[in-house]
Structure formats: C-alpha cells, structure tokens
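1. The amino acid sequence is not available; the structure is as follows:
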C-alpha cells in the first residue's frame with residue numbers, strides 16, 4: 001500500500017502488493033546416518049509493491065530467491081505464508097475465473113528463451129497459443145493479422161510465422177517470448193533474467209525493446225537480474241536480495257549512487273563504467289550460505305567486513321535508518337558510489 005502526495009495522504013492501492021512473503025521447500029534428509037530433514041528457506045519475509053507502468057528491478061546473486069519470487073507472483077507456486085495481492089486481491093484466494101483473469105494480465109518472460117518455446121510448434125502458433133484459453137480476447141479471423149503485428153512490434157518479420165524456434169538466434173527467440181507475453185495484453189510482465197544468455201549487443205537491443213514497449217503500452221515490469229548494469233538502465237526502483245530477503249530498496253538512482261548496505265556496496269564496486277573509473281573493489285569472501293541453514297541474525301554477516309556481535313544476535317529489519325532509503329543493516333551508511341555507478 002502506498003500513499004499519494006496530496007494532503008491527508010490517502011492510501012493508493014498498488015497494482016501488485018507483496019507482504020511478508022515466505023516460501024519454504026522441503027529438503028532431503030541428511031546423509032551419513034543423520035535423520036534431520038532440511039528445509040530450504042527460499043524466500044523469507046519479503047515485501048514490496050509495483051505500481052501501474054513502473055519497473056522494479058530485483059537483483060542479487062544466484063540462490064538469493066529471485067526466481068522463486070517470480071514464480072510466486074505468477075501464481076506458479078503457493079506461498080508458505082504471507083500474501084501476493086494483484087489489484088487488491090490475494091491471488092492464492094482467488095476463484096477459478098479470477099485466477100484465469102489474473103494469469104492473463106500477469107505474464108512471464110523466461111531466462112531460457114529456447115527452452116520456453118515448444119520446438120514442435122510454428123512461431124505463429126506459439127504467439128497465438130494463449131488466445132485458445134482466453135478466446136474472447138482476439139476473434140479467430142483476426143489472429144493471423146494480430147500475430148504478424150506482434151512479431152513486427154518486437155522487431156521480427158511478420159512473414160516468419162511459419163518458421164520453427166530452432167530457425168532463430170537466441171535474441172530472436174527471446175523476442176518471440178516477448179511477443180507471446182504481449183499477446184494477452186498484460187498489465188504486468190515478469191522478466192526472469194531476460195538477457196543473461198544473450199550477447200552484450202543483443203542484450204541492449206532487448207532492453208531497449210522492453211523500454212519502448214512500456215512507453216507505448218504502460219505495462220509494469222518486474223525485471224530480475226544478477227547484472228546491475230542491466231537493471232540500472234531500465235528500473236525506476238531497485239530491490240537488492242540476499243539469501244531470501246531484501247536488504248536494500250529504493251529509487252534506482254539513489255541506491256546506485258549512495259548504496260548503504262555492505263552487500264549492495266560490494267555488488268556495485270564490481271560494475272564497470274564508461275570512463276573506466278571505479279572506487280575500491282570490494283571482494284566478498286566465501287560463498288552465499290545454504291538457504292537450508294542460514295546464519296543467525298543478519299544473514300550477510302558471515303561475508304561482511306562490518307560484522308559485530310550484534311549482527312549474530314539481532315536480525316536487522318529493512319527500515320529507513322535516517323538515510324534516503326531503507327536498508328537492513330545495523331551499520332548502514334551511504335557510500336559515495338558515483339565513481340562505480342554505470343553510466
């Protein structure tokens with residue numbers, strides 16, 4: 001829930017509202033005679049909002065829980081606790097008709113573009129597939145024309161509708177995935193690492209395409225990536241995840257220029273700039289801990305150069321600590337990151 005800037009601050013309902021979201025997966029029993037069953041804490045108490053036409057960037061290392069959040073928002077997983085609300089309604093409590101409408105309006109673009117496309121189907125059939133479920137959206141007689149329009153919208157030729165996915169490059173396959181998502185006229189598109197498998201030049205083309213589509217349609221994006229330079233160019237707000245939790249969140253320019261959480265500072269110190277200048281590189285020691293056995297207190301403390309006794313005893317909540325945006329660190333302090341911010 002957000003508040004507008006008018007006098008009285010009346011509540012404004014966000015398009016997507018995530019509150020205290022938790023998702024645990026049952027793990028395997030320990031080996032070598034151990035009988036304890038491990039629980040994977042993939043997402044543990046995450047909250048954020050996405051408004052109409054907004055882009056939220058979700059960044060973090062592999063294993064931080066980003067893809068699990070994407071699946072929860074798309075209704076592909078049910079939360080262990082907490083809520084995902086779309087248009088003010090809890091998606092896990094929706095009726096069948098409400099859930100069908102929600103799935104049409106919340107679409108997903110996958111990291112593995114080729115793996116998400118049925119190799120036995122022609123491109124035209126792939127893009128039009130959703131209309132078989134949502135039959136009232138586009139009349140049957142208009143579908144061939146509409147498919148060609150969508151292909152041209154994403155930079156492909158309309159007369160390629162009879163080709164198969166293996167006849168296209170990786171970047172073209174990703175464009176087909178984008179066209180398929182747009183076919184259902186969504187209000188929210190979840191982009192799970194949409195350019196990570198593409199060449200740098202093709203990444204720029206796809207990112208520019210997503211930006212152009214948003215400008216023309218007003219669609220909202222949740223863009224998930226481990227690449228901070230990608231998020232920098234597309235997101236209005238950024239949330240940084242570590243081991244199932246958001247550790248810093250705020251306007252993109254503010255987080256990139258003055259990161260306050262040590263993890264964000266370490267990630268940004270590795271981002272190259274056009275000028276080649278950067279602040280001191282912060283190298284994190286060790287690997288991200290297991291989500292089955294997260295550290296006590298602050299989950300980042302085992303890799304943090306600021307860690308003290310309180311970090312092992314008290315889990316710091318994500319809150320504004322007198323800074324410009326919330327941070328989940330007992331010793332949060334902004335760092336002048338202008339030299340390490342991607343231009």
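-> Perfect, thanks for sending it. Only a predicted model underlies this, so the values are computations on that prediction, with no experimental measurement involved. Numbers count the residues shown, from 1 in each chain.
2. all contacts plus neighbour counts: C-alpha atoms, from now on.
-> Fine.
3. pLDDT-wise, which helix or strand of the chain ranks last?
-> strand 2-3 (a mean of 45; mean pLDDT, DSSP states H and E).
4. Please enumerate the strands of the stretch 151-300 of the chain.
-> For the stretch 151-300 of the chain, the strands defined by DSSP state E, counting those that start in this stretch occupy 188-192, 220-225, 237-242, 245-251.
5. what's the model's confidence in the first one, averaged?
-> Strand 188-192 comes out with an average pLDDT of 95.
6. And stretch 98-107, by the same measure?
-> Rounded mean pLDDT across stretch 98-107 is 93.
7. got a list of contacts for that stretch?
-> Stretch 98-107 has contacts (Cα atoms under 8 Å, 6 or more residues apart in numbering) with 74-75, 86, 91, 134, 181-182, 184-190.
8. again, but for stretch 159-179
-> For stretch 159-179, contacts defined as Cα under 8 Å, 6+ apart pick out 109-110, 113-114, 116-125, 127, 147-148, 150-151, 153-156, 194, 197-198, 202-203, 206.
9. pLDDT value on the nearest residue to residue 261 once chain neighbours are set aside, please?
-> Of all residues not flanking residue 261 in the chain, residue 332 sits nearest, at 5.4 Å (Cα to Cα, 6 or more residues apart in numbering). pLDDT, residue 332: 92.
10. which SSE is residue 332 in?
-> For residue 332, there is no host helix or strand (DSSP states H and E).
11. So what's the residue count around it?
-> By the criterion of other Cα atoms under 10 Å, residue 332 has 19 neighbours.
12. residues in contact with the residue nearest to residue 24 when sequence neighbours are not counted?
-> Of all residues not flanking residue 24 in the chain, residue 41 sits nearest, at 4.7 Å (Cα to Cα, 6+ apart). Contact partners of residue 41, counting by Cα under 8 Å, 6+ apart, are 22, 23, 24, 25, 244, 291, 292.
13. rerun at 6 Å
-> Neighbouring residues of residue 41 by Cα atoms under 6 Å, 6 or more residues apart in numbering: 24, 291, 292.
14. What separation do you get for it and residue 114?
-> 30 Å (Cα to Cα, to the nearest Å).
15. secondary structure class for residue 148?
-> helix (DSSP: H, G, I helix; E, B strand; the rest coil).
16. My guess is it contacts residue 156. True?
-> No: the criterion here is Cα atoms under 6 Å, and residue 148 misses it with residue 156 at 8.8 Å.
17. Show me where this protein has its helices.
-> Assigned by DSSP state H, the chain shows helices spanning 66-73, 96-105, 123-128, 130-133, 143-153, 170-182, 200-217, 228-234, 252-257, 262-269, 309-313.
18. Among these, which comes closest to residue 57?
-> For these, proximity to residue 57 was assessed by Cα to Cα; helix 228-234 is nearest, at 5.7 Å.
19. and that closest one, what's its mean pLDDT?
-> 85.
20. contacts for that helix?
-> residue 57.
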